[in-house]
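Asks: Task: produce atomic coordinates for the following.
(2 chains)
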Amino acid sequence: MARERRSTGSRRLSGNLRVENLSYGYRGGFRLSIEHLEFADGVTCLLGPNGAGKSTFIRLVTTAVLPRDGSVFVGATDVRLNLREYRRQLGYLPQRFGMVNNYRVREMLEYAAWMKGVAKKDRPAAIERVAEQCDVTRFLSHRVSALSGGTLRRVGIAQAIVNSPRVIVLDEPTAGLDIVQQGQLYDVVRGLARSAVVVISTHSSSDVAEMGDAVVVFHNGATVFSGSVDSLATGESTSRRESLEEGYRAVIGASGQVR
Amino acid sequence: MMLWFTQVRRSLVLAVIPLVALLMVVSINSPSDSWRGGWSNGTGHLSQLSVLVDVVVALLAAWEAGRFQRSGISRVDVVAPRSEFARLLVVFVYVWFLGLATLFVTFLYMSQLMVGGGRPWWWILLDVGMSVGSFSALGLVLGTWWRSRLAAPVAAVATYTWVVYGSSVLQTGRPQSLFASGLSGTNCCSFAFSVAGKPLVASLGWSFGLTVVGLLLVYLRACNRVGLGSPRDRVLLLSAVVIVGVGATTGVVSDGGSPTSPIRATLAQRCVKTPGGVSVCDFTQLSYELPILTAGVEYAERKVPVGWIPHRLVPLPSSREIAFRMGTGFVGGLSFQDPWTESAREAATGVALSYFPLMSSCQNKVTARVLLTLQVDTQLSETLINNHVLDVTMGQRPPNVPFPNDLMWASWGQQVRFISSNLAQIVRCQPLYPN
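Replies: Residues are numbered from 1 along each chain as shown, chains lettered A, B, ... in the order given. You can find the predicted model right below:
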């Protein structure tokens, strides 16, 4: 009875992911400050040079660290005040994501589901669902150590969404993947974005062009651009990807501190 | 169930169980009695080797705790609702369970000897179970903090050092850290002595304390990583860890008696106020760790709303009460002496010694709570009496004094009555030179 209550007791968060007056600094002097930023359903790509604050932002949004000032909201829900609830509905694929090599993929997903508080009775179905979504069904009985890089990434995304999250954060999901694998991953992410807020940190203009609905550009601990992908792709090139890169360079250049 | 099975399937302990079983077969078929030995007094290769299970569980726990850190999945764990703490708890439980299962094989074979040793099987099973749990927790903490692959062998070596060398040091009678008495090999006698009349409760307390410390440390680390709680809260939590940790891991030994420590004494104790107005409490007999505990509790009391800190943690008696330490020194001494003479003398000198700081404090108009312990140091007492530092006059022998051997295993209430009846016979007891 108690278990039943637990499994059904969590309410589904709704609304956009929003940050207000967010601020977080390190002892070294770097400080991320964001006055207002909002992420709707769909894929929002975070761009910016190394050290711009993307990773810090992701750590804050995923609650790996909590902000000293400001807040993160989902709809009207303050994440800090509903930490557990928010984490139940968060999917996260870190940049350097490793798995326990002895595990099989199914066990890995089982573990992730347990970690994310998915009710025991719901886990098998959830695993089958995400395995199909991420096209890893045929790998369920494989050991993690035997997977290729692309499959490993897809398993990584599968573990991130096994709890049907409202907010999905993927940190450089296509790093190290070949073209075919990237294409497969784009399909997966686009499918997820239909009913969730997907935030992707990336250095790849292809990622933005293929998956992105919106873009946020970070520079020196602040956002210097926030808008649709089309509004960033203002370059004169006929290629969408190159046009995006021109727009990105223009934004960074306009901030006066190109590195 | 599947998660549990996953943990078990890849466990190193599964390899240990057949090894232990093989050891059983070898020992059963061995013509030498040296294999069999006596479990109750810690002799025999089998009994000695059983300490290796402690080593294995410490190693395994450290390895398991570290492997998730090394794999990188911990970055996901950090933001999962169940938290790192919950995951580590699972690891702890499974390591503990498997370690216990391994030992259970041993128990099947040794049960006859154990029962023959005078202790019920469930008692030893619990004691050993707690011991395995303690070392699991220690390994877990080490592996969590130190993600290196070296953490596991270091945990194993530390455990081995602790268990093997700890026992020999303890027998020297010097204050030392405690170790798990159940698997201590040569520490045969810890079973035979009573701590506050409830050895099992005391052992439970000690192991529980260690486990709590381990889990609190893990929790504290999790809090730090996600920034939960204010720095002050974390300092407070850390002070609680220090308090429980000191209580759980420090101990003293006197005259071959069993080791004890504040956490054992505290968790095992039950202070009883006698009709004469004297509070009889179990308490540690040496006070080198008490200032730390006292400071910690006082700090916590300042920082936390009244009532949060359980005062039983460090029961400081008021200046009108006397805290007696029951236990090994006192009761153990009785077992080799004439029951009345020795017990009465010890009680009397103990009271006198306890009064000494009390009277001194009163004369100096010290209003703070006075911490008194009953020093059961026979030699010192005799010296004091012989030199007329103390003036002790005894009255009539109290009725119904239990036989010491029974008293050793007597209930707490019986021990209290015994003490009270002795105290009632003290007609006069005062230090001649209080200053």
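Asks: residue ranges with poor pLDDT in the stretch 51-200 of chain A?
Replies: A:101-102 (pLDDT under 70).
Asks: Show the residue spans covered by the strands in it.
Replies: Ranges of strands in the stretch 51-200 of chain A, per DSSP state E, counting those that start in this stretch, are A:69-74, A:77-78, A:90-93, A:167-171, A:197-201.
Asks: Throw the ones you listed into TSV and include mean neighbour count, thanks.
Replies: The C-beta positions use only the backbone N, C-alpha and C, and glycine is treated the same way. Compiled in TSV, the strands of the stretch 51-200 of chain A are given as follows (neighbours: other Cβ atoms under 10 Å in any protein chain shown):
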stretch	mean neighbour count
strand A:69-74	18
strand A:77-78	16
strand A:90-93	26
strand A:167-171	25
strand A:197-201	25
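Asks: Redo the ones you listed as a markdown table? Include distance to chain B.
Replies: Shown next, in a markdown table, are the strands of the stretch 51-200 of chain A (distance: least, Cβ to the nearest Cβ, whole Å):
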| stretch | distance to chain B |
| --- | --- |
| strand A:69-74 | 12 |
| strand A:77-78 | 15 |
| strand A:90-93 | 5 |
| strand A:167-171 | 9 |
| strand A:197-201 | 13 |
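Asks: CSV for those, including distance to residue B:68?
Replies: Formatted as CSV, the strands of the stretch 51-200 of chain A follow (distance: least, Cβ to Cβ, whole Å):
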stretch, distance to residue B:68
strand A:69-74, 26
strand A:77-78, 30
strand A:90-93, 15
strand A:167-171, 19
strand A:197-201, 23
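Asks: Residue B:218: which of the ones you listed is closest?
Replies: Residue B:218 lies closest to strand A:90-93 among those, at 21.3 Å (Cβ to Cβ).
Asks: Which strands and helices lie in contact with that closest one?
Replies: The contact analysis (3 or more Cβ pairs under 8 Å, 6 or more residues apart in numbering or on different chains; DSSP states H and E) places strand A:90-93 against helix A:149-161, strand A:167-171, helix B:74-78.
Asks: Return the residues in contact with residue A:25.
Replies: A:31-32, A:68 (Cβ atoms under 8 Å, 6 or more residues apart in numbering or on different chains).
Asks: Pull up the residues of the stretch 151-259 of chain A that are close to chain B.
Replies: Residues of the stretch 151-259 of chain A lying close to chain B (Cβ under 8 Å from any Cβ of the partner chain) are A:159-160.
Asks: Please work out which residue of chain A is closest to chain B.
Replies: The minimum distance from chain A to chain B, using Cβ to the nearest Cβ, falls at residue A:98 (3.2 Å).
Asks: tally of neighbours for that residue?
Replies: 17 (other Cβ atoms under 10 Å in any protein chain shown).
Asks: again, but for residue A:40
Replies: With other Cβ under 10 Å as criterion, residue A:40 counts 12.
Asks: The residue lying closest to it once chain neighbours are set aside and residue A:241, how far apart?
Replies: Closest residue to residue A:40 apart from its sequence neighbours, by Cβ to Cβ, 6 or more residues apart in numbering or on different chains: residue A:16 at 5.1 Å. Residue A:16 sits 27 Å away from residue A:241, going by Cβ to Cβ, to the nearest Å.
Asks: what's the answer for residue B:77, then?
Replies: Distance from residue B:77 to residue A:241, by Cβ to Cβ: 36 Å.
Asks: Name the residue in those two with the higher neighbour count.
Replies: residue B:77 (21 against 17).
Asks: Output stretch A:52-66 as PDB - backbone C-alpha positions only.
Replies: The C-alpha coordinates for stretch A:52-66 follow below in PDB (Å, rounded to 0.1, in the frame of the first residue of the first chain):
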ATOM      1  CA  ALA A  52      31.800  30.300 -20.700                       C
ATOM      2  CA  GLY A  53      29.700  28.800 -17.900                       C
ATOM      3  CA  LYS A  54      27.700  26.000 -19.700                       C
ATOM      4  CA  SER A  55      28.900  23.300 -17.400                       C
ATOM      5  CA  THR A  56      28.200  25.400 -14.300                       C
ATOM      6  CA  PHE A  57      24.800  26.200 -15.700                       C
ATOM      7  CA  ILE A  58      24.200  22.500 -16.200                       C
ATOM      8  CA  ARG A  59      25.300  21.600 -12.700                       C
ATOM      9  CA  LEU A  60      22.900  24.200 -11.400                       C
ATOM     10  CA  VAL A  61      20.000  23.000 -13.500                       C
ATOM     11  CA  THR A  62      20.600  19.400 -12.600                       C
ATOM     12  CA  THR A  63      20.900  20.300  -8.900                       C
ATOM     13  CA  ALA A  64      24.400  18.800  -8.700                       C
ATOM     14  CA  VAL A  65      25.100  22.100  -6.900                       C
ATOM     15  CA  LEU A  66      22.500  24.500  -5.600                       C
END
